[in-house]
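Colleague: sequence first, then the predicted structure, then my questions.
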Amino acid sequence: MQLPKLNLGFGTGSAGYVGIDVGASSVKVVELRKEKDRAVLKSYGELKTAPYFKRTAEEISGTGGFLRYLETDIAAMLHDVLRESNITSKQAVFSIPTVSAFIMLIDFPRLPPEEINAAIPFEVKRYVPIPLSEISLDWEIIDEEEEKKLKVLFVAVPKEIINKYKRIGDLAKLDIRAVEVENFSFNRSLARRDHDTPTAIIHLGAQTTNITITKKGIIRASHNLERGSHEITRMLSRALTIDIARAEEFKRSMGLSDRPEEKEIVDVIAPVADSLFREILRIINSYNRSTIHKVERLILSGGGANLPGLVDLVTKLSTLETARANPFSKVTYPAFMQPILR
């Protein structure tokens, strides 16, 4: 498991890597290769999960947990999306949902690094309700001169989850080279180590929302909300008495439109979006009260960030600089892909 950054060692002429994100509503894949010291996007693809995930492991075996869906169903979906995307690389990197990991920032006295490293496994026991033998643990010591204490950022992932990914990879005939908790991926692709502005990356998934606060490319806090963009879809479906697919279409196409003829749609969407972001801003304000490095900028990522008019709403609520994420800003890609990737 890679914590602060992912170093896969692309070589010239490498077959490249395929990045895989299995979400609640869709699976996304990208293929990257190195050309002239730049990561180049060769292909990408996305499939909705609904046609594939008809049965869950909980229904079959009576157990729940992460990635409830059957491993065979996930592997079948990966096979299809990789084929349809013309992705040929077998070297895979999987993202792990933040809700499946334990991420904490712990204060330590200014001890030598070797003493801190020795103490961390014992300190982690206070925060992770799983035996150390059953987790994969990594950490990074953060030393800021203006702080009286050192901070240690640690992430722990149950080995059961990592092993499930390995089994899925085997079924899909992929060589898993790394797994990474997704907010470290957000941080690396959207934040910069030379950027001093404290930033909150707000990742809006279908079922959950993650708030990652970062400064100089280092994560300072991570919070999860059991609310996501599908909440808007459900409310539209109920209010307008339409099916989920139609409600999702209205959400994506109209969003927070200011057109009078779409007022009925907006009157349903706006209160839900407003409520969600007020809750997110309460979390950010709580963080701000604990530090001198207050959040000054917001980046909206994930499928939910594509809601028309959302950036304007969040800017108004927060009074902070707000922008949609551009995860391809550090990647080269063909010009014909630009309209789609935007």
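Modeller: On my side now, so go ahead.

Colleague: test my guess that Glu35 contacts Tyr333.
Modeller: No. Using C-beta atoms under 8 Å as the test, Glu35 is too far from Tyr333 to be in contact (11.2 Å). C-beta: built from backbone N, CA, C; applies to glycine.

Colleague: higher neighbour count, these two?
Modeller: Using other C-beta atoms under 10 Å, the more surrounded residue of Glu35 and Tyr333 is Tyr333, with 18 against 15.

Colleague: quick one: that one and Leu341 touch, right?
Modeller: Yes. If you go by C-beta under 8 Å, Tyr333 and Leu341 touch, sitting 6.6 Å apart.

Colleague: grab the nearest non-local neighbour of Asp52.
Modeller: For residue 52 the amino acid is Tyr, not Asp. Met77 (4.2 Å; C-beta to C-beta, 6 or more residues apart in numbering).

Colleague: in which helix or strand does that neighbour reside?
Modeller: helix 71-84 (DSSP states H and E).

Colleague: using PDB, list the CA coordinates for that helix.
Modeller: Provided in PDB are the C-alpha atoms of helix 71-84 (Å, rounded to 0.1, in the frame of the first residue of the first chain):
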ATOM      1  CA  GLU A  71     -16.100 -10.900  -6.700                       C
ATOM      2  CA  THR A  72     -17.100 -12.800  -9.800                       C
ATOM      3  CA  ASP A  73     -19.600 -10.100 -10.800                       C
ATOM      4  CA  ILE A  74     -16.900  -7.300 -10.200                       C
ATOM      5  CA  ALA A  75     -14.400  -9.300 -12.300                       C
ATOM      6  CA  ALA A  76     -16.900  -9.700 -15.100                       C
ATOM      7  CA  MET A  77     -17.600  -6.000 -15.200                       C
ATOM      8  CA  LEU A  78     -13.900  -5.200 -15.200                       C
ATOM      9  CA  HIS A  79     -13.400  -7.600 -18.100                       C
ATOM     10  CA  ASP A  80     -16.100  -5.800 -20.100                       C
ATOM     11  CA  VAL A  81     -15.100  -2.300 -19.400                       C
ATOM     12  CA  LEU A  82     -11.400  -3.000 -20.200                       C
ATOM     13  CA  ARG A  83     -12.400  -4.700 -23.400                       C
ATOM     14  CA  GLU A  84     -14.700  -1.900 -24.500                       C
END
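
Colleague: shaky segments in the stretch 151-300 of the chain?
Modeller: 192-194 (pLDDT under 70).

Colleague: alright, that wraps it up for me.
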